[in-house]
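Colleague: Have a look at this prediction, sequence included:
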Amino acid sequence: FKTWLPGPWHIPSMNVLSTINTFPKLFLLTAMVATCTGCGGSSGPEKVAVSGVVSVDGKPVTQGTIAFVSLEGGRTTATQIKDGVYGIPRGDGPFPGPQKVTIQAFEKTGKTITVTKSLPGPPDEPPAIPPGGLIIEETKQTLPDQFNTSSDLSVILDSGNNVDVDFNLKVGTNGPAVAG
């Protein structure tokens, strides 16, 4: 960046950025990029926030996952259920419109598992599994397939915030499992 000013203030050989220390240069560059990034408007389709409660036979799901799969294509969004509550902020949320919903609930078995294989990761990082393995608590899926792998649950999400998108699943011993 050479400074060129009109008239008698013309300074032909002064490089403005060379007179600034490295940290301020990086700050200035970051500020310029951040400012320009916001100039283009929306960077993709609208996403929505969604939150609610998941229970099975009236009891909150202690530990689990919930996923929203867009029926119009393009996006699947999942999050954890903890003590019956889940929430996905707008920035991470699904697109508005019809969604297939899958829910998994997990229960601890009281046993432990030793994990000895590490998933592939970046080549410059050590494996995530320590020597001798990683001991974790074993869990089991407690919901029937119709709520997860063969889910027939669905919901239509509106633009903006979708609160109280609750699922009260009925599993009981009398009859088929249903969502309420």
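Modeller: That came through fine. Predicted model only: the values in this text are computed from it and were never measured.

Colleague: immediately after the lowest-mean-pLDDT helix or strand in the chain, which helix or strand?
Modeller: Here the helix or strand of the chain ranked lowest by mean pLDDT, DSSP states H and E is helix 22-37, holding a mean of 43. For helix 22-37, the following helix or strand on the C-terminal side (DSSP states H and E) is strand 49-56.

Colleague: list the helices and strands that next one packs on?
Modeller: Strand 49-56 sits against strand 63-70, strand 85-88, strand 97-115, strand 161-162, strand 167-170, with contacts defined as 3 or more C-beta pairs under 8 Å, 6 or more residues apart in numbering; DSSP states H and E. For the C-beta atoms, the positions are set from N, CA and C on the backbone; glycine is no exception.

Colleague: Dump the ones you listed to JSON lines, plus distance to residue 54.
Modeller: Listed next are the helices and strands packed on strand 49-56 as JSON lines, based on distance: least, C-beta to C-beta, whole Å:
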{"stretch": "strand 63-70", "distance to residue 54": "6"}
{"stretch": "strand 85-88", "distance to residue 54": "6"}
{"stretch": "strand 97-115", "distance to residue 54": "6"}
{"stretch": "strand 161-162", "distance to residue 54": "14"}
{"stretch": "strand 167-170", "distance to residue 54": "5"}
